[in-house]
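Trainee: next input, structure requested:
(one chain, ligands or ions: 1)
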Amino acid sequence: MGYAAVRLEHFDVLIVGAGLSGIGAGWYIQTRCPWASYAIFEARDAIGGTWDLFRYPGIRSDSDMFTLGYSFRPWLGTQAMADGDAILAYIRETAAEYGIDRTIRFRHEVTRAEWSSADARWTVKATRTDTGETVRMTAAFVFMCSGYYRYDEGYKPHFEDSERFAGQIVHPQDWTDDVDYADRRVVVIGSGATAVTLVPALAQRARHVTMLQRSPSYVLSLPAQDGIANALRRVLPTNLACSLVRWKNVLLTMASFQLSRRRPQLMKAVIRKGVERALPAGYDIDTHFKPRYNPWDQRMCLVPNGDLFAAISDGRASVVTDQIERFTERGIRLASGTELGADLIVTATGLNLLALGGLEIAVDGGDVDLPETMSYKGMMLGGVPNFALALGYTNASWTLKCDLTCDYVCRLLNHMSAHRYTACMPVNRDPSIAREPFIDFSSGYVLRAIDAFPKQGSRAPWRLYQNYALDILALRFRALEDGVLEFAA
Ligand SMILES: Cc1cc2nc3c(=O)[nH]c(=O)nc-3n(C[C@H](O)[C@H](O)[C@H](O)COP(=O)(O)OP(=O)(O)OC[C@H]3O[C@@H](n4cnc5c(N)ncnc54)[C@H](O)[C@@H]3O)c2cc1C
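Mentor: Next up, the predicted model:
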């Protein structure tokens, strides 16, 4: 085969994923590194990732949009916690406004990336999800914006005798508009963010909704609208108002997280007071809203204007804390012996975490075993050249970290271009750095999958601080040439 026949299409940067992060990454690359050619490969046939995939009633953000929105295109909506539709429109509009949508190759699932030090480039394999055809291309730098969970299937634990249930069973990730819940008895299994979102939304039309949980989570009510934000936007120029609000929310979120970690008893008391105020006198809070762990040992559930508590207070929804023994023809038999009648069961049992969108990587002929790698600043991998990943915070808005990551990647690319470096790779030469799990949450969905993720290290720059202020220092201000990130000409 002649040379021309095997020459592959080449990009300076390949972005994988056209969700919130991938569209943001596109903006950064084309704005900060205008010299760089780039493309976004997206497995699905739509922009938006999470916000396009999930279609269940009530789907919304549970962190504020002033920090979940991009710093370069402030969120102008009035809702602080916005509906899924509004978030999807915001991502699509951003992509269209800046022409990022023209760089997307839809239905291209990236499956394998092989680095060659001799050529200083990645050869990337993608599968066309419509035709099954294999597509190959090369890239100098790969930027994974592929989210953190499996798109093809949510987590569906086995329930004894589930096939006997005469009604419908649906997982929120599979929700379609034709799921009928009007005037039906609905049981939502779960106690996480999805369950607390679904219950009040379904309760608007269902006959009754029961939230069936094995154990309670922390549920905190927040105003759906941010009064300070709306007032500031009336009197100040939009960009100034938005950046002030962004900082206000960053600081409040960080303060609440730090307070939870340092003074858990105080935080527990504050949350408890809120629940007491929102529910009728005598409600059994100890059984249904008193978790066995400390605040922020798992992600906190936030509900706008206490909508979950309102649905419970009105009698449209109720909470049952019990174990499932098995499904029956009519509903669910519980360990306590009672049977919950249901026409529709929604299994809000969570996600299947997936690292790097399932991508396999090889460096100079050797396959990279992801759990053996350690993440550098939470956005590159030790021993893997010219490769970055956009992974947001678990204790604050996702985009805060992704914005910093994109900013860093652009700084890195410009630095390499200016010094004619062709490769950069974090290398740990300090044996005293201990390896630790990537995320220190005790939630089931984290514990089920964390062994397949890279590790973090016990100290900077290998430590994942989950702290915006520390990350600003690490990613925006620290020198790129720090002795750990090694460059090759
Ligand atoms: C229901 C729900 C609510 C959430 N609410 C919040 C919230 O309020 N605040 C918050 O901060 N976070 C929230 N999150 C986390 C949320 O996922 C992020 O906020 C954000 O949407 C992630 O964007 P992303 O682009 O990084 O990933 P995703 O939205 O997951 O997008 C990843 C994209 O990459 C594509 N992709 C993956 N693998 C490949 C591959 N191998 N090849 C090609 N394409 C690939 C996917 O098809 C997808 O389009 C929520 C998550 C869920 C599931």
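Trainee: buried residues in the longest helix along the chain, which are they?
Mentor: If you go by DSSP state H, the chain has its longest helix at helix 238-262. Burial within helix 238-262, assessed by neighbour count using 16 or more other C-beta atoms under 10 Å, is assigned to 241-242, 244-246, 248-250, 253-254, 256-257, 260. For glycine as for every other residue, the C-beta is placed from the backbone atoms N, C-alpha and C.
Trainee: next helix or strand past the strand or helix carrying Val187?
Mentor: If you go by DSSP states H and E, Val187 is part of strand 185-189. Counting by DSSP H and E, the element after strand 185-189 in chain order, helix or strand, is helix 193-203.
Trainee: that next one vs strand 185-189, what angle?
Mentor: Helix 193-203 and strand 185-189 are oriented at 170 degrees to each other (axes from the mean of the first three to the mean of the last three C-alpha atoms, to 10 degrees).
Trainee: who does the helix or strand following helix 193-203 pair with, and is each partner parallel or antiparallel?
Mentor: Once helix 193-203 ends, the next helix or strand along the chain (criterion: DSSP H and E) is strand 208-213. If you go by DSSP bridges, strand 208-213 pairs up with strand 185-189 (parallel), strand 317-321 (parallel).
Trainee: so after the lowest-mean-pLDDT helix or strand in the chain, what's the next helix or strand?
Mentor: Every helix and strand of the chain was ranked by mean pLDDT, DSSP states H and E. The lowest is helix 3-6, at a mean of 52. Per DSSP H and E, the first helix or strand lying C-terminal to helix 3-6 is strand 9-16.
Trainee: send me the helix or strand following that following strand as CSV with only the CA atoms.
Mentor: Next in sequence after strand 9-16, counting helices and strands by DSSP H and E, comes helix 20-32. Presented in CSV, the C-alpha positions along helix 20-32 are these (Å, rounded to 0.1, in the frame of the first residue of the first chain):
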residue,chain,number,x,y,z
LEU,A,20,-21.0,20.1,28.8
SER,A,21,-17.2,19.6,29.1
GLY,A,22,-16.4,18.8,25.5
ILE,A,23,-18.2,21.9,24.2
GLY,A,24,-16.4,23.9,26.8
ALA,A,25,-13.1,22.4,25.7
GLY,A,26,-13.8,23.2,22.1
TRP,A,27,-14.3,26.9,23.0
TYR,A,28,-11.0,27.0,25.0
ILE,A,29,-9.0,25.3,22.2
GLN,A,30,-10.3,27.5,19.4
THR,A,31,-10.1,30.7,21.5
ARG,A,32,-6.8,30.2,23.4
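Trainee: show me what helix 20-32 is packed up against.
Mentor: Under the contact criterion of 3 or more C-beta pairs under 8 Å, 6 or more residues apart in numbering; DSSP states H and E, helix 20-32 touches strand 9-16, strand 38-41, helix 84-97, helix 398-419.
Trainee: go through the ones you listed and pick out the most buried.
Mentor: Counting by mean count of other C-beta atoms under 10 Å, strand 38-41 has the highest mean neighbour count of these, with a mean of 24.
Trainee: ramachandran angles for His158?
Mentor: The phi/psi pair for His158 (degrees, to the nearest 10) reads phi -80, psi 130.
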